[in-house]
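Engineer: could you look at this predicted model? Sequence included:
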Amino acid sequence: MPIIAPSLLAANFINLEAECKMLNESQADWFHLDVMDGRFVPNISFGPMLIEVFRKATTKVCDVHLMIEEPEKYAEAFKKAGADILTVHIEACKHLHRNIQQIKSLGMQAGVAVNPHTPVESLKDILADIDMVCLMSVNPGFGGQSFIPYTLTKIKQLRSMIDEQLLNVKIEIDGGVTLENAPSIIDAGAHVLVAGNTVFKATDPKATIAALKAL
Ligand code: DX5
Ligand code: ZN
């Protein structure tokens, strides 16, 4: 059974209380929270202040995806806000190993995200130190984009690397996940499905989450 992580970026922000209640009552495992700085990605979303609000609204895992430059400056603020998993982009970190150690020493799980152009081989020497890889299946910055099919090849490559080293690293797929493509994503070896528009724009979000969970 996959871990389902709805992305609140696609939620109705005027009605966040109801959206959180819906997720809490659903089979969703995690809240996926997308932080964008307008520098690493061409969009700005929200920061620690809103993470704190989500933290108070749920007991589910808060999976915070930082699409920001210099994430080391903010790791402590996100820990204080209540993040359980903190994911940084390989493309935004000059000293990735140091960033990962910082996240772990703050008591959070460490994730590393890679953009569609970044080969999974670039994770080889860091894989044993992290809890999760977030494979971006769209270019980060916006919800509602189409899944890039080559991601399926990357999932298989990464899964072999993880299994060969007998590691316990989760593969999270982020961007353009739908009920139609989710089965092939899981078949390829993914553990976590992020879904924004597929969940929040559905006529029955809870049933959609249940359908993803049942895959
Ligand atoms: C994209 C974000 C995603 C996004 C996914 O930069 O990291 O988490 O919200 O949204 P959908 O599922 O709509 O592609
Ligand atoms: Zn994300």
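Structural biologist: Thanks, I have the structure now. Ligands and ions are numbered 1, 2, ... in the order given.

Engineer: what about residue 117, which SS state?
Structural biologist: Under DSSP: H, G, I helix; E, B strand; the rest coil, residue 117 falls in the coil class.

Engineer: what's near enough to touch the closest residue to ligand 1 within the chain?
Structural biologist: Residue of the chain nearest ligand 1, by CB to the nearest ligand atom: residue 196 (2.8 Å). C-betas here are computed from N, CA, C, even on glycine. Contacts of residue 196 were listed using CB atoms under 8 Å, 6 or more residues apart in numbering, and they are 6, 7, 8, 9, 10, 32, 143, 144.

Engineer: ok, which of the residues you listed also contact ligand 1?
Structural biologist: 7, 9, 10, 32, 143, 144 (CB under 6 Å from any ligand atom).

Engineer: got the contact list for the nearest residue to residue 116 once chain neighbours are set aside?
Structural biologist: Computed as CB to CB, 6 or more residues apart in numbering, the closest residue to residue 116 that is not its neighbour in sequence is residue 148, at 5.3 Å. Going by CB under 8 Å, 6+ apart, residue 148 touches 116, 137, 138, 175, 176.

Engineer: on that earlier part again, mark which of the contacts of residue 196 are buried, thanks.
Structural biologist: The neighbour count (16 or more other CB atoms under 10 Å) marks 6, 7, 8, 9, 10, 32, 143 as buried among these.

Engineer: closest to residue 156 among those?
Structural biologist: residue 32 (22.8 Å; CB to CB).

Engineer: what packs against the helix or strand hosting that closest one?
Structural biologist: Secondary structure from DSSP states H and E places residue 32 in strand 30-36. Under the contact definition 3 or more CB pairs under 8 Å, 6 or more residues apart in numbering; DSSP states H and E, strand 30-36 sits against strand 3-6, helix 48-57, strand 61-67.

Engineer: reformat these into JSON lines and put distance to residue 187 and mean pLDDT next to each item.
Structural biologist: Converted to JSON lines, the helices and strands packed on strand 30-36 look like this (distance: least, CB to CB, whole Å; pLDDT from 0 to 100):
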{"stretch": "strand 3-6", "distance to residue 187": "16", "mean pLDDT": "98"}
{"stretch": "helix 48-57", "distance to residue 187": "31", "mean pLDDT": "98"}
{"stretch": "strand 61-67", "distance to residue 187": "23", "mean pLDDT": "98"}
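
Engineer: now residue 79: closest residue in space that isn't a chain neighbour?
Structural biologist: residue 106 (4.4 Å).

Engineer: now swap in residue 159 and tell me
Structural biologist: Nearest one to residue 159, counting by CB to CB, 6+ apart, is residue 189 at 3.1 Å.

Engineer: how about residue 150?
Structural biologist: Leaving aside its sequence neighbours, residue 150 sits nearest to residue 116 (CB to CB, 6+ apart; 7.4 Å).

Engineer: these two touch, right, that neighbour and residue 151?
Structural biologist: Yes. Using CB atoms under 8 Å, residue 116 makes contact with residue 151 at a distance of 7.1 Å.

Engineer: joint contacts of those two?
Structural biologist: 136, 137.

Engineer: out of these two, which sits in the busier spot?
Structural biologist: residue 151 (24 against 15; other CB atoms under 10 Å).
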